[in-house]
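Novice: Turn this into a structure:
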Amino acid sequence: MSIIRIDMNSDEFKAEMEKTIKFTDKVIKQFNWEYNPQTEINEGVQMGLARHKMMYNKRFCPCFMVEEVDGKPQSVENRLCPCKPALEKEIPEEGVCHCQIFCTPEFAAAKRVELGMEEVVHTHSRGLTQSECESLLNQSELDGDEMVALLEARELGMIHFKLVDVREHMEWQMGHIKGADALVPTSSFFQTLDEAQLDKNENIILYCHIGSRSAHCARILKDMNYTKIGNLTHGIVSFSGEKER
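Specialist: Just a heads-up that it's a prediction; the model follows:
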């Protein structure tokens, strides 16, 4: 099985995307929620839901892996949108669902204030020593600024690692981190892992949209005896560095 490629410009996908937007609009209205003020998050999740509907005939949450159980596709943690954990725990307690598309009006208001006030200050690798870069590389969880620093350090030849995108082919086409070395989609993870030719003893950093799928894949690789696995904790949405299509 190779990488599953869905053409986001096809009439079939555009039609499914329209249906998905109507679906998420209906969910918002039903529960008196709001969309996340960060529109790129909403679009990414909606595209993922549309993709899963085409692939599995169910709108499984795109932030979780889908596995085959007894011959049928099943989302990890039974995440079918709008999922039970979001309804019963995440939104009541945290104000936002795990995929971050649905949130309470209070969460949305606070996020709008945060986005308006936010000032990002980066400390990049050119100010770090090689030992500091190596120490950073060996962390199991990395934030967006740390990922930028590591990519700059790699450009300077200070460190070496592989950056692996575990999102789907369509998400990769929309935009991926410049310098990503391989695409190993969660929908065909085991089948495409060999194609990436990753050494079990080299440093490997995984990323996805918001960090859920990559964290799951990191656990799988550790169980397969890959020894140096890092995860971009909050995914590509937290990465302020250069992206390419």
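
Novice: And the longest helix belonging to the chain, what's buried?
Specialist: Counting by DSSP state H, the longest helix found in the chain is helix 11-31. Using 16 or more other C-beta atoms under 10 Å as the test for burial, helix 11-31 gives Phe13, Glu16, Met17, Thr20, Ile21, Phe23, Thr24, Val27, Ile28. In this view, the C-beta of every residue, glycine as well, is placed from N, C-alpha and C.

Novice: residue boundaries of the helices in the protein?
Specialist: For the chain, applying DSSP H gives helices covering 11-31, 39-56, 84-85, 91-94, 105-117, 130-137, 144-155, 169-174, 189-196, 212-223.

Novice: ok, and what's touching the longest one?
Specialist: I take that to be helix 11-31. Residues from elsewhere that reach helix 11-31 (C-beta atoms under 8 Å, 6 or more residues apart in numbering): 6-8, 33-35, 42, 45-47, 49-51, 53-54, 59, 81-82, 87, 91, 101-102.

Novice: Of the residues you listed, grab the buried ones for PyMOL.
Specialist: Written as a PyMOL command, the selection of buried residues from those, which uses 16+ other C-beta under 10 Å, is:
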select buried, resi 6+8+33+34+35+42+45+46+47+49+50+51+53+54+59+81+82+91+101+102
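
Novice: quick one: furthest residue from the center of the chain?
Specialist: When distances are taken from the C-alpha mean of the chain, Thr129 lies farthest, 29.7 Å away, according to C-alpha atoms, centre = their mean.

Novice: quick one: that one from Arg154, how far?
Specialist: As defined by C-beta to C-beta, to the nearest Å, Thr129 lies at a distance of 15 Å from Arg154.

Novice: Likewise for Gly95?
Specialist: To Arg154, Gly95 is 37 Å away according to C-beta to C-beta.

Novice: again, but for Phe190
Specialist: Taking C-beta to C-beta as the measure, Phe190 falls 27 Å from Arg154.

Novice: More neighbours: which of the two?
Specialist: Between Phe190 and Arg154, Arg154 has the larger neighbour count (other C-beta atoms under 10 Å), namely 19 against 10.

Novice: contacting residues around stretch 223-237?
Specialist: When contacts are defined by C-beta under 8 Å, 6+ apart, stretch 223-237 is touched by residues 38, 40-41, 44, 137-144, 147, 161, 167, 175-177, 198, 200-212, 214-215, 218, 221-222, 238-239, 243.

Novice: so how far is that stretch off the chain centroid?
Specialist: Put simply, stretch 223-237 sits 12 Å off its chain's centre (C-alpha atoms, centre = their mean, to the nearest Å).

Novice: Likewise for stretch 180-190?
Specialist: Distance of stretch 180-190 from its chain centroid, counting by C-alpha atoms, centre = their mean, is 12 Å.
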